[in-house]
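S.K.: 3D model of this:
(one chain, ligands or ions: 1)
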Amino acid sequence: MGCIEQKKTPADNRNKKGDSYFSPSGEKVTVPDFVPDFNAFEAMAPRLPEKTPAERRNGRHVKANDIPPEGVYLPNNNYLAPHMKSPEYVQLSNAAAISLGIMGGRMYRCECTRCLNLLLTYPEGCRANCAYCGLARHREAERDYADRNFIRVDWPAVPMADIVDIVARDPESSPFHRMCISMITHPRSEADTFTVLEAWTDRIDPEAIPVSILSNPTTMTRDDVQRTRDLGADIFTVALDAATPEVFDRTRGKGVQSPHKWSKYWEILNDAKDIFGPEKFGAHIIVGMGETEHEVLNLVQELVDMGGHSHMFCFFPEGGSLMDHLPATPRDQWRRVQLARYLIDYRGVRVDQMRFDDMGRVSDYGIAGSELDDVIDEGIAFRTSGCPGKVREDISACDRPYGDSPPSDIASYPFQPKKKDIKRIRKQLDIPVSVE
Ligand code: SF4
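M.R.: Model (predicted):
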């Protein structure tokens, strides 16, 4: 079946032991012989960013043109439109563009996405350099911002007014259960988030389609968090992404010449807790960038104890990123963490009831086998996690497909897993049906 989200990146083929590939600097790299069943810290070091030629820095060659943008811009249209920027323009995922009806295409085993993910956009792009991210600054050397892949897919740029026009015609029957504004690191990010949010809430009742903010704390203040609440945002999340300060620093901070600081992310997360209140704030976490299962699940518990939620994704080596040579999170590691996270987030199990082996891997989920069977068979634990939609609290509206895996080896299920999927998940977990 054709699938617009199924575009294969070189990284899909790069995670087998013994494989070789060439880094952007031409250096031959071989995936180590020993590939454990989890991504250990030592094995997950990003490449260092290279120097960008002066003529490509800061979107300079795009800004040297004066071509006006014309409606929808599909990645690789390859015209240089410096005025195609937020707040007038936003980018949206392929899945959202298909669901909105402005792009053709089908998605493997999915009808549509329930979350309209919007991304602020500028010709000079995000000014941070996160090692796992397709939007990172170092990519200006090889790709214009509007053409960069992000979480495995392309992101068309569309006038915000067109999006609002389409959804405002009949919000109640829209496929979307939620809209989300993703901020990036840019001096205009806060002001433009407010403008985009207002453009939405002016014409679309946030009760009909609630709005989430996926924030970039580096340039934010507490007042900015408050302003998003005052303008009608429902949930505020922080893209913490890394599960420990060491992984954070190596993938998002000094390690890759990026401006982010763990302490600033926590400052804004605490502001969100105060301003948005219980169940209305949370953090994004990527699993498999070098933290242990014990570490990431302690973080999940900490967020629950604060009154929030974790939204969890599986590390995937994004093509063109500084980690595109590294292995995707092994499915057994990912399934253990996905299951344990669901138990902590939605079933009241605590991390201290669980047991871990000497490498920090989950060895006991802290509940009876029959109860665990029921949770596994229900399948919700393995769906894409994120802010809730209109179905139930533990079913995410944000089911954008295949952001963390190819459809041939699904990490987060963007649909309700069927019997054959559960069979596969059980195999990955190495948990046969309990006979209790
Ligand atoms: S701040 Fe966000 S968009 Fe920018 S490089 Fe980091 S992860 Fe990517």
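S.K.: what parts of the stretch 151-300 of the chain come near the ligand?
M.R.: Ile184, Thr185, Asn216 (C-beta under 6 Å from any ligand atom). Any C-beta I mention is one placed from the backbone N, CA and C, and that applies to glycine too.
S.K.: in JSON lines, list those residues along with distance to Gln91 and secondary structure.
M.R.: Shown next, in JSON lines, are those (distance: C-beta to C-beta, whole Å; DSSP: H, G, I helix; E, B strand; the rest coil):
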{"residue": "Ile184", "distance to Gln91": "10", "secondary structure": "coil"}
{"residue": "Thr185", "distance to Gln91": "15", "secondary structure": "coil"}
{"residue": "Asn216", "distance to Gln91": "15", "secondary structure": "coil"}
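S.K.: same for the strand or helix carrying Asp305, what does it pack against?
M.R.: Element membership for Asp305, per DSSP states H and E: helix 293-306. For helix 293-306, the elements it packs on are strand 281-287, strand 309-314, helix 331-346, strand 362-364, judged by 3 or more C-beta pairs under 8 Å, 6 or more residues apart in numbering; DSSP states H and E.
S.K.: quick one: the helix or strand that the shortest one is followed by to helix 331-346, angle?
M.R.: Spelled out, it's strand 362-364. Counting by DSSP H and E, the next helix or strand C-terminal to strand 362-364 is helix 369-378. For helix 369-378 against helix 331-346, the angle by axes from the mean of the first three to the mean of the last three C-alpha atoms, to 10 degrees is 100 degrees.
S.K.: thinking again about what came up before, now tabulate the helices and strands packed on helix 293-306 in JSON lines and tack on distance to Asp154.
M.R.: What follows is the helices and strands packed on helix 293-306, written out as JSON lines (distance: least, C-beta to C-beta, whole Å):
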{"stretch": "strand 281-287", "distance to Asp154": "20"}
{"stretch": "strand 309-314", "distance to Asp154": "18"}
{"stretch": "helix 331-346", "distance to Asp154": "25"}
{"stretch": "strand 362-364", "distance to Asp154": "35"}
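S.K.: can I get these in TSV with mean neighbour count?
M.R.: Output for those, formatted as TSV (neighbours: other C-beta atoms under 10 Å):
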stretch	mean neighbour count
strand 281-287	25
strand 309-314	24
helix 331-346	23
strand 362-364	15
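S.K.: to Ser405, which of those lies closest?
M.R.: strand 309-314 (6.2 Å; C-beta to C-beta).
S.K.: follow-up on the earlier one: I'd like the helices and strands packed on helix 293-306 laid out as CSV, including mean pLDDT and distance to Ala242.
M.R.: Compiled in CSV, the helices and strands packed on helix 293-306 are given as follows (pLDDT from 0 to 100; distance: least, C-beta to C-beta, whole Å):
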stretch, mean pLDDT, distance to Ala242
strand 281-287, 97, 7
strand 309-314, 96, 12
helix 331-346, 97, 14
strand 362-364, 96, 20
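S.K.: of all the ones you listed, which one is nearest Ile431?
M.R.: Ile431 lies closest to helix 331-346 among those, at 8.6 Å (C-beta to C-beta).
S.K.: residues in contact with that closest one?
M.R.: Residues from elsewhere that reach helix 331-346 (C-beta atoms under 8 Å, 6 or more residues apart in numbering): 37-39, 287-288, 293, 296-297, 300-301, 304, 309-310, 312, 314, 349-351, 354, 361-362, 365-367, 375-376, 380-382, 385, 393-394, 409, 411-412, 425, 428-430.
S.K.: could you check how far His311 is from the ligand?
M.R.: 14 Å (C-beta to the nearest ligand atom, to the nearest Å).
S.K.: I misspoke; the intended subject was Ala243.
M.R.: Note on Ala243: its distance to the ligand, by C-beta to the nearest ligand atom, is 15 Å.
S.K.: list the residues that contact that residue.
M.R.: Applying C-beta under 8 Å, 6+ apart, the residues near Ala243 are Ile285, Ile286, Val287, Met289, Glu291, Glu295, Val296, Leu299.
S.K.: which SSE is Ile425 in?
M.R.: Ile425 belongs to helix 419-429, assigned by DSSP H and E.
S.K.: contacting residues for the residue nearest to Asp421 when sequence neighbours are not counted?
M.R.: Take Asp421 and drop its neighbours on the chain: the residue closest to it by C-beta to C-beta, 6 or more residues apart in numbering is Tyr413, 6.5 Å away. Neighbour list for Tyr413: Gly379, Phe382, Arg383, Thr384, Asp421 [criterion: C-beta under 8 Å, 6+ apart].
S.K.: average pLDDT for the helix holding Asp305?
M.R.: Averaged across helix 293-306, the pLDDT comes to 98.
S.K.: what about the nearest residue to Arg203 once chain neighbours are set aside, neighbour count?
M.R.: Of all residues not flanking Arg203 in the chain, Ala168 sits nearest, at 4.4 Å (C-beta to C-beta, 6+ apart). Ala168 is flanked by 16 other residues according to other C-beta atoms under 10 Å.
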